[in-house]
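In: following is a predicted model, sequence given first.
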Amino acid sequence: MLNVLHVDDEPDIREVAAFALEMDPGMTVRSASSGQEALDWLGSGYAPDVILLDVMMPTLDGPGTLERLRQMPRHAGTPVIFMTARAQSHELDRFLGLGAIAVIIKPFDPMTLSRQLRDHLASA
């Protein structure tokens, strides 16, 4: 079973992503509405196999969340995939340079999201 933590401040996006990913019988999804909520769960013992992380969020954005995540010894190596509408090549390069294994562009296709996630993990 692949445990996914999806972090996004938009409730509609969290709902669509959770529905899309849970259509895959080999995935379970936990959704967080902020970077801080995700860090709180990770600090309390939750250990996902991969984190889907929105880039643009209020207060604590995706890059800031990733930076704090990497300071947590238990989660320093957890694969992170950014999700963003910011898709210019220099932005994608920056996100990968921060340590993400991939970037999924929004709007994403719910029908292929779980396959994209598995493909990125397989090639990481």
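Out: Noted; the coordinates are in hand.
In: show me what counts as buried in the helix or strand of the chain with the lowest mean pLDDT.
Out: Of all helical and strand segments in the chain, the minimum by mean pLDDT, DSSP states H and E falls on helix 89-97, at a mean of 93. For helix 89-97, burial by neighbour count (16 or more other C-beta atoms under 10 Å) applies to Leu92, Arg94, Phe95. (C-beta placed from N, C-alpha, C; glycine too.)
In: can you show me the strands along this structure?
Out: In the chain, the strands defined using DSSP state E lie at 2-7, 27-32, 50-54, 80-84, 102-105.
In: let's have the ones you listed in a markdown table, adding distance to Met72, mean neighbour count and mean pLDDT.
Out: Formatted as a markdown table, those follow (distance: least, C-beta to C-beta, whole Å; neighbours: other C-beta atoms under 10 Å; pLDDT from 0 to 100):
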| stretch | distance to Met72 | mean neighbour count | mean pLDDT |
| --- | --- | --- | --- |
| strand 2-7 | 13 | 21 | 98 |
| strand 27-32 | 15 | 19 | 98 |
| strand 50-54 | 12 | 25 | 98 |
| strand 80-84 | 12 | 23 | 97 |
| strand 102-105 | 21 | 18 | 96 |
